[in-house]
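A.B. asks: Take a look and give me a structure for this.
(chains A, B and C)
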Amino acid sequence: MPELPEVETTRRGIKPSVKDNRIHKITVRQKKLRWLVPDNLPFMLEGYEIRQVSRRGKYLLFENEMGTMLIHLGMSGSLRIVKQGELPRKHDHIDFCFKNGLILRFTDPRKFGCVLWQTKGQGIHPLLANLGPEPLNPNFNSKHLFLRSRKRSVCVKPFIMDSKVVVGVGNIYASEALFLAGISPKVPAGKVSQKRYQRLVSSIKIVLKKAIQSGGTTLRDFTDGNGNPGYFKQSLNVYGRAGKECKLCRKHLIEIRQAQRSTVYCSACQR
DNA sequence: ACTTCGACCTGTTGGC
DNA sequence: TGCCAACAGGTCGAAG
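C.D. replies: Down below sits the predicted model:
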């Protein structure tokens, strides 16, 4: 479900209901997620206020005086604010009940997401330790991509989807950014010039910013934490449009598979 | 150090 | 209409 724009949209949606509010009670109905939900989670969160709601890549970070809870939404996860009394459905795995009467509800049919805890003073969490730069930060630039890609034979699309290279660029926005940059997803990362990486960096930033402004991409059921869908789907040029006409040259868009993921691109506009 | 691939799950879709 | 394989917004960790 979520790439960076959807995670960021979720963060902005839930933050007003969560930040500076005190957790009263946590209910874990399913602790078998990608990793087991730690048993000490209630002990670390109940009775404390959430001081900050931030994001690193696709991880949402909830900070209190004891440490930080990490939530990843995987492929099908979501977080939303519900009113007290709203009954949990089949895949509603965790409720964070706040003193203000609202509930932060974690849902994840496929259970690829995770909810973890990092105690303050224990250093950086291993899952965050080797992440690349944030794509919207200045340290994500053409020099970074150029240097990291030298002598890499992997194709440029899976390369920019590697979270050690840059975080937050998933299958939708990698495809879209490569289209905007006019770069074929099949080019080996190590053969792309720094000049072309400059175009790619700009495209990634533009696509992500625009998607965030649109409230993310709702393909099936993504909403922002308060039930509102995202409107970026109508801006997609290639993702989900295999066989349709390229919006620039009207040639039919091609679909291939790279690293077990589908890639759609225009063989005329992307070289 | 890099590359490839299986694994983790459930729900939806498309072809027959 | 029904069945079943293929596929879906992610990414870790093992094996080569």
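A.B. asks: residues from the stretch 151-271 of chain A in reach of DNA strand B?
C.D. replies: A:151, A:152, A:153, A:154, A:158, A:220, A:259, A:260 (C-beta under 7 Å from any atom of the strand). (Each C-beta comes from the backbone N, C-alpha and C, glycine too.)
A.B. asks: and the first one, what is it in contact with?
C.D. replies: Contact partners of residue A:151, counting by C-beta atoms under 8 Å, 6 or more residues apart in numbering, are residue A:190.
A.B. asks: hang on, it in a strand?
C.D. replies: No. Inclusion of residue A:151 in a strand is not indicated when DSSP: H, G, I helix; E, B strand; the rest coil is applied; the result is coil.
A.B. asks: Retrieve the pLDDT associated with it.
C.D. replies: The score at residue A:151 is 94. That number is its pLDDT.
A.B. asks: Show me how to select, in ChimeraX, the buried members of the residues of the stretch 151-271 of chain A next to DNA strand B.
C.D. replies: The following ChimeraX line selects those of these that are buried, judged by 16 or more other C-beta atoms under 10 Å:
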select /A:152,154,158
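A.B. asks: Just the pLDDT for the residue in chain A that DNA strand C sits nearest to.
C.D. replies: With distances taken as C-beta to the nearest atom of the strand, chain A approaches DNA strand C most closely at residue A:170, which sits 2.1 Å away. At residue A:170, the predicted lDDT confidence score is 97.
A.B. asks: again, but for residue A:216
C.D. replies: Here the pLDDT value assigned to residue A:216 is 89.
A.B. asks: That one: neighbour count?
C.D. replies: Around residue A:216 sit 29 other residues, with neighbours defined as other C-beta atoms under 10 Å.
A.B. asks: Then residue A:19?
C.D. replies: Neighbouring residues of residue A:19 were enumerated by other C-beta under 10 Å; the total is 15.
A.B. asks: cool, and the one 3 residues further on?
C.D. replies: Using other C-beta under 10 Å as the criterion, residue A:22 is surrounded by 14 other residues.
A.B. asks: circling back to that earlier point, my guess is the residue of chain A closest to DNA strand C contacts residue A:163, does it?
C.D. replies: No. In terms of C-beta atoms under 8 Å, residue A:170 does not count as a neighbour of residue A:163; the distance is 9.7 Å.
A.B. asks: picking that back up, most widely separated two among the residues of the stretch 151-271 of chain A next to DNA strand B?
C.D. replies: A:151 and A:220 (39.4 Å; C-beta to C-beta).
A.B. asks: Give me every residue in chain A lying close to DNA strand C.
C.D. replies: Residues of chain A lying close to DNA strand C by C-beta under 7 Å from any atom of the strand are A:1-3, A:6, A:34, A:57-58, A:72, A:74-75, A:110, A:112, A:127, A:161, A:163, A:170-172, A:216-222, A:230, A:260-262.
A.B. asks: wait, what's in contact with residue A:191?
C.D. replies: Counting by C-beta under 8 Å, 6+ apart, residue A:191 touches no other residue.
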